[in-house]
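Participant: my questions are about this predicted structure, shown below with the sequence.
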2 protein chains.
Amino acid sequence: MKVIPRRSIYRLSVYLRCLERLRENKILTVSSEALSKAAGVKPTQLRKDLTYFGQFGTRGLGYPVNELSEKIMDALGTNHLQPVILVGVGNLGSALLAYKGFEKAGFEIVAAIDTDPKRKRSKELPLTIGDIAELESFVQSKKVKMAILTVPATSAQEVVNRLCAVGITAILNFAPIILQTPEHVIVNNVNLAIELENLSYFAR
Amino acid sequence: MKVIPRRSIYRLSVYLRCLERLRENKILTVSSEALSKAAGVKPTQLRKDLTYFGQFGTRGLGYPVNELSEKIMDALGTNHLQPVILVGVGNLGSALLAYKGFEKAGFEIVAAIDTDPKRKRSKELPLTIGDIAELESFVQSKKVKMAILTVPATSAQEVVNRLCAVGITAILNFAPIILQTPEHVIVNNVNLAIELENLSYFAR
DNA sequence: CTGTGTGAAGGCTTTCACAGCC
DNA sequence: GGCTGTGAAAGCCTTCACACAG
């Protein structure tokens, strides 16, 4: 099988969001031109991205919305609900726990962990917060492979070591630090300050 | 002046975070090898990135930590505190208001706006929340150029139209939708569900 | 005639190899 | 000797041009 550009995979998710909206509006077929416009890319790029995974369109007509959605979910592996553990229930962690977009996308936060589970928090959270000591047992008992990391930078690496040791293979990291992980563990970094800085450069 | 790769600019911010940590530890000089390792890139890439903006190193020695920090901030335009407006004070918006990383990076959220300013919220927020009707007057009176958008997808485009009309030139968008904006307005999208989906693909 | 699929061309980014300076 | 600066090469991704199917 051919190697698929990283960016293409990222864009598949974008297409999926657009397809969902089409589905809500009961639209059955969409052209690469229309879909690409909604996704903010060029039509040829959309078509090329899709053909990495197969041929889903009908020439002269377009793509079937429902089928394409499913094929993309197959490719991404989000057809089945995937359990996720969240470590670090501060401001950001709490907000993410309350965020409904994850579930929609096929992820369920099955455990939330903090060094201070009893710390006073904003609202009713949809989950009891476990102590950091229980990290290993949570991951193993719930067969979790993915983690969201919203701890301070100073403790991020230590937590990651523990997560990796117990079988986590994918980490969404919000701590502003580059994590050292074993080869087979994937890390995606989200750094909000950097996004703003980046805008600051271009806004001139 | 030569055209600078978008990715290089992004990485400048990453370098800046690493330099800050070095500064805290009173380290005065750093080699491209050490700094690149902390930033998670190759040494040659770091050096190439830096030379887009000038020659800051000393051969045989390395880079002066303090001076390099300042030069990068000059390049990014984060030497002076930059005012930002936040629109949409729900879960995520509240969390971002409480986030200290922005201020550290040189941004000050000078106004927070919501359709329902009196809605019950988690904690004491560091700012009074204004009504959406005041959006235009806030932006103009405080001379804001940058906005953080944490409103639902359904109202995002409408808010963006108003922001652009009143002179905003850079938007950090958390709504899962591609925004239509005038040519000169920059948008950076942050979509957390997509980041997780992306991990899901590679975690196999 | 409309709109997809795709090899080839073009453009952008990263990496290499080594020259240059302390 | 050690480490930066940089043109050239390699690699990756996007765009083009057009063949092909309905």
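Facilitator: Looks like it came in fine.

Participant: so residue A:172, which state does it fall into?
Facilitator: Under the three-state scheme (DSSP: H, G, I helix; E, B strand; the rest coil), residue A:172 adopts strand.

Participant: residues touching it, list them.
Facilitator: Applying Cβ atoms under 8 Å, 6 or more residues apart in numbering or on different chains to residue A:172 gives the contacts A:146, A:147, A:148, A:149, A:188, A:190, B:192, B:195, B:196, B:199. In this view, the C-beta of every residue, glycine as well, is placed from N, C-alpha and C.

Participant: what helices and strands are in contact with the host helix or strand of residue A:96?
Facilitator: Assigning secondary structure by DSSP states H and E places residue A:96 in helix A:91-98. Applying 3 or more Cβ pairs under 8 Å, 6 or more residues apart in numbering or on different chains; DSSP states H and E, one finds that helix A:91-98 makes contact with strand A:82-87, strand A:107-114, helix B:91-98.

Participant: and these, which one averages the lowest pLDDT?
Facilitator: Ranked by mean pLDDT, the helices and strands packed on helix A:91-98 bottom out at helix B:91-98, with a mean of 93.

Participant: okay, the angle between that helix and strand B:82-87?
Facilitator: Angle, helix B:91-98 to strand B:82-87, by axes from the mean of the first three to the mean of the last three Cα atoms, to 10 degrees: 160 degrees.

Participant: tell me where the model's unsure across chain A.
Facilitator: For chain A, residues meeting the criterion pLDDT under 70 lie at A:1, A:122-123.

Participant: what's the domain layout of it?
Facilitator: Here the domain assignment for chain A is A:6-76, A:82-195, based on automatic domain parsing.

Participant: and those domains as TSV, adding distance to residue B:124?
Facilitator: What follows is these, written out as TSV (distance: least, Cβ to Cβ, whole Å):
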stretch	distance to residue B:124
domain A:6-76	34
domain A:82-195	10
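
Participant: and those domains: which comes nearest DNA strand C?
Facilitator: Closest to DNA strand C of these, according to Cβ to the nearest atom of the strand: domain A:6-76, at 2.8 Å.

Participant: that closest one near DNA strand C at all?
Facilitator: Yes: residues of domain A:6-76 are located near DNA strand C by Cβ under 7 Å from any atom of the strand, namely A:31-33, A:43-44, A:47-48, A:50-51, A:55-63.

Participant: please save the CA atoms from the helix holding residue A:96 in PDB.
Facilitator: What follows is helix A:91-98, C-alpha atoms only, in PDB (Å, rounded to 0.1, in the frame of the first residue of the first chain):
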ATOM      1  CA  ASN A  91      -9.200  24.800  34.100                       C
ATOM      2  CA  LEU A  92      -8.500  23.400  30.600                       C
ATOM      3  CA  GLY A  93      -9.000  19.700  31.700                       C
ATOM      4  CA  SER A  94     -12.400  20.600  33.100                       C
ATOM      5  CA  ALA A  95     -13.500  22.400  30.000                       C
ATOM      6  CA  LEU A  96     -12.500  19.400  27.900                       C
ATOM      7  CA  LEU A  97     -14.400  17.000  30.100                       C
ATOM      8  CA  ALA A  98     -17.500  19.100  29.500                       C
END
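
Participant: what's in contact with it?
Facilitator: With contacts defined as Cβ under 8 Å, 6+ apart, helix A:91-98 is touched by A:86-87, A:89, A:102, A:109, A:112, A:114, A:121-123, A:125-127, A:148, A:150, A:174, B:91-92, B:94-95, B:98-99, B:122, B:192.

Participant: make a ChimeraX selection of the buried ones in the residues you listed.
Facilitator: Buried members of the contacts of helix A:91-98, defined by 16 or more other Cβ atoms under 10 Å in any protein chain shown, are picked up in ChimeraX with:
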select /A:86,87,89,102,109,112,114,121,122,148,150,174 /B:91,92,94,95,98,99,122,192
